[in-house]
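A.B. asks: need coordinates for the below:
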Amino acid sequence: MNNNEYEFDVLNESQGAATESTSVCSNGTNINNRKTLLSEGKHIFITNQTSLMNELVSFEELKTFLKDQLNENNKEKMENKIHYWVDLQSLENSEISEICDILSIHPLTKKDIIRQETREKCEFFSNHIFLVVNEIHYAPGSNVLVAGTLNMLLFPRIVFTFHQEELQSTYQVIRMMKYNQSGGLPSSGWMIYAFLDSIVDIYIDLVDKIMLETQSLDELVLVLSGIKQNELFTRIGLAGRRVTNLHSGVFGKSEIISVLLRDEKLIPTDMMRYLKNVQDHILRMLQKLTLSQRLLSNLNNIYMARVSLEVSDASNSVNRNMRKFTAISTIFIPLTLLAGIMGMNVRLPGMVGFPHGDSYYFFIGIILIMLLFSIVVGGLFKRAKWL
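C.D. replies: Numbers count the residues shown, from 1 in each chain. You can find the predicted model right below:
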């Protein structure tokens, strides 16, 4: 089964589970949950550790759930130690602000979550970790790469994911949960690894594609000529820009994992090995991107050198043609001058009316002089390789 078929299967499963589940609002009204984690638009889903079912809840229900989980007097909840994943997509700014207030989130962190424009980073607080990761993927139905921002808040038993649009990494996370040994959500800290691994997998595919593009350009740079060289130069430029964008995205994730590996409080010890595996993948991608940058730089230099050689050859060809024209002009200009002088409407020696003026000797002598001059000068230019 390929990835598309699998994602379709997971989507159908999630839709089936969500269609059968219902949620009760504060006014007692039953709401049929027709959305899934993979749906577009606004939604709030809660996934617990005991099952893979994603429960669609309203905003009021979420607030009640959070207050119940944060209630220190609720010993039953604390003893069960059930881990939860709360996925919040396309929430209003006021709703995000209210949730952050319930969780006692720092105002600067709340501002970062609302703006969705902060750089990739990992920050530690007394009882939670704040994580910002950017995902890059192809827009639906096109080959244009678009970026999405994922904000994560990791508490000891709950992990929150904030994003404004549907993320491709969610497909892979659901797949990992389905085939996990526990058959569900192992822990809140595990979600950090799952999303990082899923996002890194997306980058791995893009990095492999840019490596193939670089190798293809390396083979074409010495083969193409003429108008096709302009297309090659455009492809080299676009590839260089994609490599730079990928390098900046991958490097940020390397820093995030390096920071997470220093935490011993909220990240489970057994998760450290998985995070190190993700870091190995990132380091391998950085090596590939660095190699691609060097190859593209060399290709650009080779392309410019080849163009310079072609321009030089064209210039030399023009110079050779100009030398030929110069040699021919040097031969015929004196002859033209002599012919012009002899053709003037004045009396000249050898013309009719002079002694022996009706003889052809003067004419033959002039022609012989012109011919001799042409042979001598032409021979000199031929010896100098101008002709």
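
A.B. asks: for the rest of this, base every contact and every neighbour count on C-alpha atoms.
C.D. replies: Fine.

A.B. asks: what's the closest non-adjacent residue to Leu56?
C.D. replies: Phe45 (4.6 Å; C-alpha to C-alpha, 6 or more residues apart in numbering).

A.B. asks: with Leu196 instead?
C.D. replies: In space, Leu196 is closest to Val278, 7.5 Å off (C-alpha to C-alpha, 6+ apart).

A.B. asks: Met271 sits in which helix or strand?
C.D. replies: helix 269-342 (DSSP states H and E).

A.B. asks: quick check: what element follows that helix along the chain?
C.D. replies: helix 361-383.

A.B. asks: in that next one, what's buried?
C.D. replies: Met370, Phe373, Ser374, Gly378, Phe381 (16 or more other C-alpha atoms under 10 Å).

A.B. asks: what's the answer for stretch 276-296, then?
C.D. replies: 276, 278-279, 281-282, 285-286, 288-289, 292-293, 295-296.

A.B. asks: equivalent analysis for stretch 136-153, please.
C.D. replies: Ile136, His137, Gly148, Thr149, Leu150, Asn151, Met152, Leu153.

A.B. asks: nearest to Lys111 among those?
C.D. replies: Asn151 (11.5 Å; C-alpha to C-alpha).

A.B. asks: using the three-state scheme, assign the closest one.
C.D. replies: Per DSSP: H, G, I helix; E, B strand; the rest coil, the local secondary structure of Asn151 is strand.

A.B. asks: can you list the buried residues of helix 361-383 in CSV and add pLDDT?
C.D. replies: As requested, these are exported to CSV (pLDDT from 0 to 100):
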residue, pLDDT
Met370, 86
Phe373, 87
Ser374, 87
Gly378, 85
Phe381, 84
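
A.B. asks: for this protein, give me the ranges with low pLDDT.
C.D. replies: For the chain, the stretches flagged by pLDDT under 70 are 1-39, 51-53, 72-80, 182-183, 224-228, 264, 350, 352-358.

A.B. asks: number of residues surrounding Gly343?
C.D. replies: A count of neighbours around Gly343, defined by other C-alpha atoms under 10 Å, yields 10.

A.B. asks: ok, now the one 4 residues further on?
C.D. replies: Using other C-alpha under 10 Å, Arg347 has 11 neighbouring residues.

A.B. asks: how about the contacts made by it?
C.D. replies: If you count contacts by C-alpha atoms under 8 Å, 6 or more residues apart in numbering, Arg347 has none.

A.B. asks: got the phi/psi numbers for it?
C.D. replies: Phi and psi for Arg347, reported as degrees, to the nearest 10, are phi -80, psi 130.

A.B. asks: related to what we said a few turns ago, redo the buried residues of stretch 136-153 as JSON lines? Include distance to Glu165.
C.D. replies: As requested, those are arranged in JSON lines below (distance: C-alpha to C-alpha, whole Å):
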{"residue": "Ile136", "distance to Glu165": "12"}
{"residue": "His137", "distance to Glu165": "12"}
{"residue": "Gly148", "distance to Glu165": "7"}
{"residue": "Thr149", "distance to Glu165": "9"}
{"residue": "Leu150", "distance to Glu165": "9"}
{"residue": "Asn151", "distance to Glu165": "12"}
{"residue": "Met152", "distance to Glu165": "14"}
{"residue": "Leu153", "distance to Glu165": "17"}
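
A.B. asks: which two from the residues you listed end up farthest apart in space?
C.D. replies: The widest separation within the buried residues of stretch 136-153 (C-alpha to C-alpha) is 22.8 Å, between His137 and Leu153.

A.B. asks: now Phe332, nearest residue through space, not along the chain?
C.D. replies: Ser374 (7.7 Å).

A.B. asks: quick test: name the residue nearest the centre of this protein.
C.D. replies: Using C-alpha atoms, centre = their mean, the residue of the chain that lies closest to the mean C-alpha position is Arg242, 3.2 Å off.

A.B. asks: name the element that one belongs to?
C.D. replies: Going by DSSP H and E, Arg242 is in helix 227-260.

A.B. asks: what angle separates that helix from helix 269-342?
C.D. replies: Going by axes from the mean of the first three to the mean of the last three C-alpha atoms, to 10 degrees, helix 227-260 is angled at 160 degrees with respect to helix 269-342.

A.B. asks: show me what helix 227-260 is packed against.
C.D. replies: strand 121-124, helix 188-220, helix 269-342 (3 or more C-alpha pairs under 8 Å, 6 or more residues apart in numbering; DSSP states H and E).

A.B. asks: quick one: whichever helix or strand comes after the first one to chain centroid distance?
C.D. replies: Sequence-wise, the next helix or strand beyond strand 121-124 is strand 129-138, with elements assigned using DSSP H and E. Using C-alpha atoms, centre = their mean, to the nearest Å, the mean C-alpha position of strand 129-138 is found 15 Å from that of the whole chain.

A.B. asks: please apply the same query to stretch 128-141.
C.D. replies: With C-alpha atoms, centre = their mean, you get 14 Å for stretch 128-141.

A.B. asks: now do stretch 138-155
C.D. replies: Distance, centroid of stretch 138-155 to centroid of chain: 13 Å (C-alpha atoms, centre = their mean).

A.B. asks: now the residue nearest to Leu185 when sequence neighbours are not counted: how far from Asp68?
C.D. replies: Taking C-alpha to C-alpha, 6+ apart, and ignoring the residues beside it in sequence, Leu185 has Gln49 as its nearest neighbour in space, at 4.6 Å. Using C-alpha to C-alpha, to the nearest Å, Gln49 is found at 17 Å from Asp68.

A.B. asks: mind checking the SS state of Phe45?
C.D. replies: Going by three-state DSSP: Phe45 is strand.

A.B. asks: list the contacts for it?
C.D. replies: Phe45 touches Leu37, Asn54, Glu55, Leu56, Val57, Trp85, Val86, Asp87, Leu88, counting by C-alpha under 8 Å, 6+ apart.

A.B. asks: in three-state terms, label Lys385 for me.
C.D. replies: From three-state DSSP, the assignment for Lys385 is coil.

A.B. asks: quick one on the thing from earlier: so what's the residue nearest to the centre of the chain up against?
C.D. replies: Ile210 are the contacts of Arg242 under C-alpha under 8 Å, 6+ apart.
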